[in-house]
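J.: need a 3D model of the following:
(one chain, ligands or ions: 1)
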Amino acid sequence: MSILTETYTMNTGAKIPKIGFGTWQTPDGDIAYNSVLSALKVGYRHIDTAKVYGNEASVGRAIKDSGIAREDIFLTTKLPADIKDSSKVEETFQTSLSTLGLDYVDLYLIHAPWPWEERGKDYTKENIEVWQEMEKIYNSGQAKAIGVSNFNIHDLTAILNNGKVIPAANQIRWFIGYTENDITDFSKKKNILVEAYSPLATGRLLDHGELKKMAEKYNKTVAQISIRYCLQHDTLPLPKSTHDEFIQQNADVDFEISNEDMTILDSLKTE
Ligand code: A2P
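T.: Below is the predicted model:
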C-alpha cells in the first residue's frame, strides 16, 4: 500500500490522507492548476490551500478536471488571518467555497491567531468569537472538520476552554530541527492532529550537509528523509512543489528511518 492511501483519523472520526499536497507560494493559474492536477495523477488525495494563497480557483478547477470523485479528495482551505471580526467569517467562507467551485471543504482552518502584520498580538477574545462562527460552519456540514493554524498553547487553550468543538488539526511550521515540541505535544495530547507545513523548510533543508549524508545512507533524497521524518513523528507533512519530478518523489516515502537515526535527526540544528 502506498503512503498516499494511508490515513490518520481525526478527532471527528474522519480520515485524512497522511501526506497533503501544499500550495503555499504556488501562483494561481497554470502553475497551480497543473501542479495540483499532477499531484492528483500521482495519487495524492489531499490538497492544502488557503484563501490568501490566491490560488483557490485553480485548485478547485484541477480537482474538478481530475475526474476523481469529490469524496475521494480531502481539501483544506483557511480563513485569512486578518479576519478577526466574527461577522465576516461566514461570508469569507462562502467566498472560498464559490472560488473553489465546491459545496463543502473537508477542513477549514483559522489561518493564524493574529493578522500577519500584528504577529504575537493577543486576539484571544476575537479568536473565541471567530471559533463560534467556525462551529456554525462545521454544524452546517459545509466544512467536515474545523481547526486552527499557527496556534500556540495559549491560543489553543482559549479555544479548548471556550469552544464546543475541539479543533481537528493545528497546522504549524514543522521540519527537522524545528519540531516545536511544546505545542506539538500539547496538540497531540488533546487529540488534535499536527499538520507540518514547510516540511522542507521551504527548500532550505535540501542543502544541509548532515541530511545529505543521511539521505545517501538510505538511498533517498533529503526531501524524502524530511517528509518521512514528519510521518514517523505522527505529523502530517504538506510538501509543496511545482515540478512533476519532485511531486512524484515526495510521495515515494515508503521506507523506515531507524530509531537511532531518528534520534540523530531529532538533535540536528537546521535553523
Ligand atoms: P518547487 O516548488 O520549485 O518545485 P516546503 O514544502 O517546505 O514549503 O518546500 C517547498 C520548496 O522545496 C519549493 O521551493 C520546492 O520547489 C522545493 N522542493 C519540493 N520538493 C522538492 C524535492 N523533492 N527536491 C528538491 N526541491 C524540492
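
J.: for the chain, which segments count as strands?
T.: With DSSP state E, the ranges of strands along the chain come out as 7-9, 15-17, 21-22, 46-48, 74-79, 107-110, 146-149, 169-173, 193-197, 236-238.

J.: nearest to the ligand, out of the ones you listed?
T.: Using Cβ to the nearest ligand atom as the measure, strand 21-22 is the one of these that comes nearest the ligand, at 5.3 Å. In this view, the C-beta of every residue, glycine as well, is placed from N, C-alpha and C.

J.: how close does the residue nearest to residue 59 when sequence neighbours are not counted sit to the ligand?
T.: Distance criterion Cβ to Cβ, 6 or more residues apart in numbering; nearest residue to residue 59, sequence neighbours excluded, is residue 49 at 4.7 Å. According to Cβ to the nearest ligand atom, to the nearest Å, residue 49 stands 13 Å off from the ligand.

J.: which stretches in the protein count as helices?
T.: 30-42, 56-66, 89-100, 124-140, 153-162, 181-189, 209-218, 222-232, 244-249, 259-266 (DSSP state H).

J.: and these, which is most packed in?
T.: A comparison of the helices of the chain by mean neighbour count, using mean count of other Cβ atoms under 10 Å, puts helix 222-232 on top with a mean of 23.

J.: quick one: that one to strand 193-197, angle?
T.: Here the directions of helix 222-232 and strand 193-197 differ by 170 degrees (axes from the mean of the first three to the mean of the last three Cα atoms, to 10 degrees).

J.: on that earlier part again, just put the helices of the chain in TSV and tack on distance to the ligand.
T.: What follows is those, written out as TSV (distance: least, Cβ to the nearest ligand atom, whole Å):
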stretch	distance to the ligand
helix 30-42	8
helix 56-66	15
helix 89-100	21
helix 124-140	25
helix 153-162	23
helix 181-189	17
helix 209-218	11
helix 222-232	3
helix 244-249	4
helix 259-266	16
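
J.: surely the residue nearest to residue 59 touches residue 56?
T.: Yes. With contact defined as Cβ atoms under 8 Å, residue 49 reaches residue 56; the gap is 5.6 Å.

J.: identify the contacts common to the two.
T.: 77, 100 (Cβ atoms under 8 Å, 6 or more residues apart in numbering).

J.: poorly predicted segments of the stretch 1-150 of the chain, please.
T.: Residues of the stretch 1-150 of the chain that meet the criterion pLDDT under 70 lie in 1.

J.: so the residue in the stretch 51-200 of the chain that the ligand sits nearest to versus residue 105, what's the distance?
T.: Going by Cβ to the nearest ligand atom, the ligand is nearest to residue 200 of the stretch 51-200 of the chain, at 3.4 Å. For residue 200, the distance to residue 105 (Cβ to Cβ, to the nearest Å) stands at 25 Å.

J.: what residues are up against the residue of the chain positioned farthest from its centre?
T.: Ranked by distance from the centre of the chain (Cα atoms, centre = their mean), the top residue is residue 217, with 28.7 Å. Contact analysis of residue 217 by Cβ under 8 Å, 6+ apart lists residue 261.
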